[in-house]
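K.L.:
okay, sequence plus prediction incoming.
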Amino acid sequence: MTSPLTLYHIPDWASSIIHLALEEIGVPFQIRLMDRDEGDFSAPWFRAINPQGLIPAMETPDGPMFETVAILLWLNESFGGLGPRQGEPDRAAFLSWLSFVSNTLHPTVMDMIHPERLAGEAAAAQMAAAALERLNIQCSLIETMLTEQRPDWLSSASSGALGHYLGILFRWAIYLPKDPEMRFSLRPFPALRSVLAAHETSPAARKVAEADALGPTPFTAPQG
Ligand SMILES: N[C@@H](CCC(=O)N[C@@H](CS)C(=O)NCC(=O)O)C(=O)O
């Protein structure tokens, strides 16, 4: 039977974050693979789903959705399993840190891996270096939060929405920069690293790693 949930997807793009969340929740869904070369991203049928022409996008019984954080929150409200919901303890912190990852850390990683898009080719190296510095500062905030607050919603037992989101962002920041000096490292962030090391061995992560060809250690030691 067809599921009402269809994820528009390319493996190892941001839609892998939603792929991880869907597997973690265990809800039925189908994937529609996008083909950039065929013009899927600018096609009118896809712009009707996401006017920006970006993935992830997802068909839901409530209508089409776009933006990673919106889809994660909708999935959590609808099915649970990704973090505290309305009325549950520690929801304020969960929402704050999830928004921080979406609004601040995600754009930083994009500046790091595609610096030429904003800065142009001439200033790309400078832009990437500044983004890496910002990423390290942002990760130190998460590391401090993890060690001081030990949240259930981002732990070795349950990585939740933030674990899926951070796992894919760090994966890109570790393996995509061509210059080894410009690669992100989890070494200075042992609490964060141990959450992601546990996450990448979970059944949901193993299933997505297999389907999306993310390799044996997709978050802590990704290979391109
Ligand atoms: N803020 C958006 C960003 C999504 C985004 O940047 N998606 C990229 C893939 S990682 C994309 O679809 N790019 C289309 C393209 O490069 O043509 C979100 O979180 O959903």
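P.N.:
Received it, and whenever you're ready, just let me know what you need.
K.L.:
so which elements touch the strand or helix carrying W74?
P.N.:
Per DSSP states H and E, W74 falls inside helix 68-79. If you count contacts as 3 or more Cβ pairs under 8 Å, 6 or more residues apart in numbering; DSSP states H and E, helix 68-79 packs onto helix 15-25, strand 57-60, helix 91-100, helix 160-175. Every residue, glycine included, has its C-beta placed from N, CA and C.
K.L.:
and after the shortest one, which helix or strand comes next?
P.N.:
I take that to be strand 57-60. Assignment by DSSP H and E places the next element after strand 57-60 at strand 63-66.
K.L.:
and that following strand, how far out from the chain's middle?
P.N.:
Centroid separation for strand 63-66 versus its chain: 18 Å, with Cα atoms, centre = their mean, to the nearest Å.
K.L.:
ok, back up a step: buried stuff in the helix holding W74?
P.N.:
68-69, 71-73, 75-76, 79 (16 or more other Cβ atoms under 10 Å).
K.L.:
got the contact list for that helix?
P.N.:
14, 17-18, 21-22, 25, 27, 56, 58, 60, 62, 65, 82-83, 85-86, 98-99, 101-102, 106, 161, 164-165 (Cβ atoms under 8 Å, 6 or more residues apart in numbering).
K.L.:
who are the packing partners of the one helix or strand R193 maps to?
P.N.:
Using DSSP H and E, R193 sits within helix 190-199. If you count contacts as 3+ Cβ pairs under 8 Å, 6+ apart, helix 190-199 packs onto helix 124-149, helix 160-175.
K.L.:
how far off helix 190-199 does the helix or strand just after that helix point, in degrees?
P.N.:
Using DSSP H and E, the helix or strand that follows helix 190-199 in sequence is helix 203-211. Relative orientation of helix 203-211 and helix 190-199, computed by axes from the mean of the first three to the mean of the last three Cα atoms, to 10 degrees: 70 degrees.
K.L.:
so how far is the helix holding W74 off the chain centroid?
P.N.:
With Cα atoms, centre = their mean, you get 13 Å for helix 68-79.
K.L.:
quickly check: that helix near the ligand or not.
P.N.:
Yes - using Cβ under 6 Å from any ligand atom, helix 68-79 reaches the ligand at T68.
K.L.:
export that helix to PDB, keeping only CA atoms.
P.N.:
Output of helix 68-79 as PDB, limited to C-alpha atoms (Å, rounded to 0.1, in the frame of the first residue of the first chain):
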ATOM      1  CA  THR A  68      14.500  20.300   7.200                       C
ATOM      2  CA  VAL A  69      13.600  21.700  10.600                       C
ATOM      3  CA  ALA A  70       9.900  22.000   9.700                       C
ATOM      4  CA  ILE A  71       9.700  18.400   8.500                       C
ATOM      5  CA  LEU A  72      11.600  17.100  11.600                       C
ATOM      6  CA  LEU A  73       9.200  19.000  13.900                       C
ATOM      7  CA  TRP A  74       6.100  17.800  11.900                       C
ATOM      8  CA  LEU A  75       7.400  14.200  12.100                       C
ATOM      9  CA  ASN A  76       8.000  14.500  15.800                       C
ATOM     10  CA  GLU A  77       4.500  16.000  16.400                       C
ATOM     11  CA  SER A  78       2.900  13.400  14.300                       C
ATOM     12  CA  PHE A  79       4.700  10.200  15.400                       C
END
